[in-house]
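Visitor: Next one to model:
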Amino acid sequence: MKASEYAKKSTADLQNELTKLKAQLFNLRFQLAAGQLANNALLNACKKDIARVSTILRQRELNIAEEPAKGKKA
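Guide: Reported below is the predicted structural model:
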């Protein structure tokens with residue numbers, strides 16, 4: 001899911017999503033160790049989704065609004 005889609009969700013929904021993603025990552029790692037994981041790219045995708053959700057939660061915690069694009073000076 002894209003970061004913009006996560007940003008539209010409430011904080012409680014994001015915390016639930018983070019819990020689900022961490023459980024999914026645990027299961028993927030378990031499958032990898034058991035040799036049952038067919039698509040290794042799922043690990044990286046799951047990690048990136050966890051990072052996206054964690055970043056949005058942290059931004060909300062610090063009350064940071066979206067900043068202008070890099071490279072553009074005001």
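
Visitor: model confidence over stretch 50-67, on average?
Guide: For stretch 50-67, mean pLDDT is 86.

Visitor: what's next to it, contact-wise?
Guide: 1, 3, 6-7, 11, 14-15, 17-18, 21-22, 25 (Cβ atoms under 8 Å, 6 or more residues apart in numbering). (C-beta placed from N, C-alpha, C; glycine too.)

Visitor: List the buried residues of that stretch.
Guide: 50, 52-53, 56-57 (16 or more other Cβ atoms under 10 Å).

Visitor: Make a markdown table out of these and add secondary structure and distance to residue 42.
Guide: As requested, those are exported to a markdown table (DSSP: H, G, I helix; E, B strand; the rest coil; distance: Cβ to Cβ, whole Å):
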| residue | secondary structure | distance to residue 42 |
| --- | --- | --- |
| 50 | helix | 13 |
| 52 | helix | 15 |
| 53 | helix | 16 |
| 56 | helix | 21 |
| 57 | helix | 22 |
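
Visitor: Put together TSV for those residues, with distance to residue 32 on each row.
Guide: As requested, the buried residues of stretch 50-67 are exported to TSV (distance: Cβ to Cβ, whole Å):
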residue	distance to residue 32
50	16
52	22
53	22
56	27
57	27
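
Visitor: Which member of the residues you listed is positioned nearest residue 30?
Guide: Nearest to residue 30 among the buried residues of stretch 50-67 is residue 50, at 16.3 Å by Cβ to Cβ.

Visitor: buried stuff in whatever helix or strand residue 27 lives in?
Guide: Assigning secondary structure by DSSP states H and E places residue 27 in helix 11-34. If you call a residue buried by 16+ other Cβ under 10 Å, then helix 11-34 has these buried ones: 14, 17-18, 21, 24-25, 28.

Visitor: which helices and strands does that helix pack with?
Guide: Packing partners of helix 11-34 (3 or more Cβ pairs under 8 Å, 6 or more residues apart in numbering; DSSP states H and E): helix 41-62.
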